[in-house]
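Student: take this sequence and fold it.
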Amino acid sequence: MKPDKNLFIVTSALEPTIGVISKEDRFEQTLTTLKNLKEKVPSAFILFSDGSPEAIEDEKTNQIAKLVNGQVYWAHDEQVRELSKTGRKSEAEITLLLKTLFLLKQHPDLSKLMLSVKRIFKYSARSLLQDKFKISVYDNSKLFGKYVFKERIPTWMPDKSITDHLFITRLFSLCPSLMDDYIKTLNKALNSCITHGIDTEHAHFKETNKKYVVELRRIHVEGIMAGTGKTEEY
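Tutor: Numbering: from 1, shown residues only. Predicted structure coming up:
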């Protein structure tokens, strides 16, 4: 059977301890993200993965369940909960991604699903795919064995000795053949966040093997910045 599914891992923190956006607005923005994703990529398999430090009310998880194919909440996980609770956003998201990837490899139903997945997308909640976004861009045999990121952006950090660029992590993708490589990359990225105090976007650029990377000038996604509430386009 030829893999024919696009898997979107939608990462979320519905109720974080930092940021200027209210819990109610975050939830509504998240629902909008999921509805937009289903509209733009109707055949996508959507796995919702939330790293809030406390359990989310059933009323909210029930609404999300109607818009996704699977959902997992990590409030029960001591490591994710502690990182999220203390506002270590980048470390919490990397840890959440690691645990989600292990779930894909180890859960019987999800590991079976992976046999039909042709591309894995990491997608941040509270984002929107713009009208110019075309999933067909990723249906390209040249992307086998590749990561796809928006083209690198020069760092804003004054000290460029750690890394001089960053990769936008709001939306990127990888070939399933790179899952083990990405797990290793995430472990290195987590260590870089802890050791150097950089965020996940700088850590992804620093630790991702560039020989596997394809960079696109535009990825046609916009997202709300948690720290400011402003929308940025990529």
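
Student: residues in contact with the most centrally placed residue in the chain?
Tutor: With distances taken as Cα atoms, centre = their mean, Lys122 lies nearest the centre of the chain, 3.4 Å away. Shown in contact with Lys122 (Cβ atoms under 8 Å, 6 or more residues apart in numbering): 9, 11, 97, 169, 171-174. Glycine gets a C-beta too; all of them are placed from N, C-alpha and C.

Student: from those residues, which would you call buried?
Tutor: Buried by 16 or more other Cβ atoms under 10 Å: 9, 11, 97, 169, 171-174, out of the contacts of Lys122.

Student: what about those residues, which are in helices?
Tutor: Among these, the members falling in helices (DSSP state H) are Leu97.

Student: cross the buried ones among the contacts of Lys122 against strands and list the overlap.
Tutor: 9, 11, 171-174 (DSSP state E).

Student: now render those residues as JSON lines, adding distance to Glu222.
Tutor: Listed next are these as JSON lines, based on distance: Cβ to Cβ, whole Å:
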{"residue": "Ile9", "distance to Glu222": "19"}
{"residue": "Thr11", "distance to Glu222": "16"}
{"residue": "Leu171", "distance to Glu222": "10"}
{"residue": "Phe172", "distance to Glu222": "15"}
{"residue": "Ser173", "distance to Glu222": "17"}
{"residue": "Leu174", "distance to Glu222": "22"}
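
Student: of the residues you listed, which is the nearest to Glu215?
Tutor: Using Cβ to Cβ, Phe172 is the member of these that sits closest to Glu215, with 10.0 Å.

Student: residues in contact with the residue lying closest to that closest one once chain neighbours are set aside?
Tutor: Spatial nearest neighbour of Phe172, excluding adjacent residues (Cβ to Cβ, 6 or more residues apart in numbering): Phe149 at 4.6 Å. By Cβ under 8 Å, 6+ apart, Phe149 lies in contact with 167-168, 172, 204, 208, 213-216, 219.

Student: rerun that using 10 Å as the cut-off
Tutor: Contacts for Phe149 (Cβ atoms under 10 Å, 6 or more residues apart in numbering) come out as 166-169, 171-174, 201, 204-205, 208, 213-216, 219.
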